[in-house]
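In: after the sequence you'll find the predicted model.
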Amino acid sequence: MHHHAPASKNQRWGAVFPLRLPQTIINTFSRWSINAASIVFTRVGLWWHAVLARRDSASHSSLRLWSRVAAAGGPSPTTMHHHARGVTDIALSSDGRLLASASCDCTVKLWNLDTNQLLATKEPDSGSPNHVWAVAFAPNGSVFAAGSTDGSIRIWEASTSSNGGEGVPATRIPAHCPKPVKALAFSPDGALLASGSGDGEVKLWAWRDGVELKQRCFPGRGVAGVSKLAFSPDGRHLACASEEQTVSLWDVAAWALTARLAGCGGDARGLAYSGDGRWLAHADGNTKVKIAEIKVGECIALAGRVQEMDLGQAVYDVSFSHDGRLLAVALGCGAVEILERENGKPVGTLRGFSGAATAVAFSRDSRILVSGSWDSSVKLWRAESKFGLRDYWAAFTGGLRRAWPFGR
């Protein structure tokens, strides 16, 4: 659920200011921008026209974006109702155009987020009910993987075409048979696929060849299933959340345990790294979210700072905005809470589910938030950035103060 989309092209508004300005000021303006805008100059005869151009929405602060949404009462969600039973996991492609949702109805569904249409339904071939517990996209968005009750991983090609690649057979890896596959994660370079099972086993795969590279049982007392996996953004470390109330950090190259966060209070569930790899958030299985500061040097370690937030509701999943300033939390009451990472202050609450919210994911540009629920639905919220006259004036006068010789 970790999910990320590339920047879109710049957009320009038709606000034009006819000006007679010295060339030095023109040059200074042309190199300057503020907030979400920059000033672009074109010459028409003896006049310079100043046009305000909005920069990519990814440059917007996620906090600013969703604070505006919350102040406006929140956006109305788009609801997708094609699953017959509860949604267990969701994943977004890196470009933000595709969504995969896994369910206890034994299917994975592929959605086109440009049109909010269902593209394809994938059913793991099995002779018995085969609930799908985990789903993940490769970083380049070309394939997605699903883990199911029969212990197998299935990998399908992803496509935005009208049939979503329907009819293309899956690549099957008998990863943990007969134990269920409960967690999946692709490495940032796309070369590796990590899988976790219901009996506490974690494996690394060269998934293109179906070759098992490394295997390890989750450390601890007895047998505890792996509930979530997450690679660090640099791909050097793998975080594993366990039903035994622990989160462990592993060095991928050495395949060795380097740090452990214990005392979660319940089955550790949701797990997410911030975009810079400095923070690791997890749901403790009860009502709390913990955010640990990660120090990466010669070896990874917990930096000692662990922030704890009590939401007063069962917590199922977490997801960081790409800039790491916001944390979305899926709650048992059927809501998604958006919090400031720095201080835990609520930014807004998104509602609409009639059952527990089980999975949540931000898009890379932080403008889309997707969540799945036990009520069998998937909801999508879009935060549309707005740029008004006050922003135009701030950009123009701010640039003038910087450009004017005696204003420096």
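Out: Received, thanks. Residues are numbered from 1 along each chain as shown.

In: and the helices in the stretch 301-408 of the chain?
Out: Secondary structure of the stretch 301-408 of the chain by DSSP state H, counting those that start in this stretch: the helices cover 389-403.

In: nope, the chain is what I meant
Out: 23-30, 62-71, 389-403 (DSSP state H).

In: show me what contacts Lys214?
Out: Lys214 is in contact with 203-204, 255, counting by CB atoms under 8 Å, 6 or more residues apart in numbering. Backbone N, C-alpha and C define where each C-beta goes, glycine included.

In: out of those, give me the one that has the most neighbours.
Out: Scoring the contacts of Lys214 on neighbours with other CB atoms under 10 Å, the highest-scoring entry is Leu204 at 21 neighbours.

In: quick check: bridge partners of that one?
Out: Legend: beta-bridge partners of Leu204 under DSSP bridges are Ala194, Lys214.

In: show the contacting residues for it.
Out: So, once contact is read as CB under 8 Å, 6+ apart, Leu204 ends up touching 192-194, 212-215, 252, 255.

In: just the pLDDT for it.
Out: Note for Leu204: predicted pLDDT of 94.

In: ok, now the one 3 residues further on?
Out: In the prediction, the pLDDT value recorded for Trp207 is 92.

In: test my guess that it contacts Ala194.
Out: No - assessed by CB atoms under 8 Å, Trp207 is found out of contact with Ala194, at 9.7 Å.

In: common neighbours of these two, please.
Out: Shared contacts of Trp207 and Ala194 (CB under 8 Å, 6+ apart): Phe186.

In: which member of the contacts of Lys214 is positioned nearest Ser61?
Out: Among the contacts of Lys214, Leu204 lies closest to Ser61 (CB to CB), at 35.9 Å.

In: stretch 335-344: which residues count as buried?
Out: By neighbour count on 16 or more other CB atoms under 10 Å, the buried set for stretch 335-344 is 335-341.

In: contact partners of that stretch?
Out: 63, 66, 70, 274, 279, 281, 289, 291, 307, 309, 311, 313, 320, 324-331, 345-351, 353, 357, 360, 369, 371.

In: out of those residues, which are buried?
Out: Buried members of the contacts of stretch 335-344, scored by 16+ other CB under 10 Å, are 63, 66, 70, 274, 279, 281, 289, 291, 309, 311, 313, 320, 324-331, 347-348, 350, 353, 357, 360, 369, 371.

In: how close does Leu99 sit to Val336?
Out: 15 Å (CB to CB, to the nearest Å).

In: pretty sure Arg269 contacts Ser227?
Out: Yes - look at Arg269 against Ser227 with CB under 8 Å: they come within range, at 5.4 Å.

In: so for the two, which residues contact both of them?
Out: Contact criterion CB under 8 Å, 6+ apart; residues shared by Arg269 and Ser227: Ala241.

In: which regions of the stretch 201-350 of the chain sit below the pLDDT cut-off?
Out: The stretch 201-350 of the chain contains residues with pLDDT under 70 at 218-224, 262-267, 296-304.

In: Gly196 and Ser142, how far apart?
Out: Remark: distance between Gly196 and Ser142 (CB to CB) = 23 Å.

In: and Lys122, how many neighbours?
Out: Number of residues near Lys122 (other CB under 10 Å) recorded here: 22.

In: what sits closest to it if chain neighbours are left out?
Out: Val108 (4.4 Å; CB to CB, 6 or more residues apart in numbering).

In: show me the beta-bridge partners of the one you found.
Out: Here Val108 shows beta-bridge partners Ala102, Lys122, assigned using DSSP bridges.

In: how many other residues sit next to it?
Out: For Val108, using other CB under 10 Å, the count is 27.

In: ditto for Pro174
Out: 12.

In: leaving out the residues flanking it, which one is nearest to it?
Out: Per CB to CB, 6+ apart, closest to Pro174 is Ser152, 5.4 Å.

In: name all residues that make contact with the one you found.
Out: By CB under 8 Å, 6+ apart, the contact list for Ser152 reads 124, 126, 172-175, 177, 181.

In: any idea how many residues pack against Ser76?
Out: So Ser76, with other CB under 10 Å, has 10 neighbours.

In: roughly how far does it sit from Trp255?
Out: Counting by CB to CB, the gap between Ser76 and Trp255 amounts to 47 Å.
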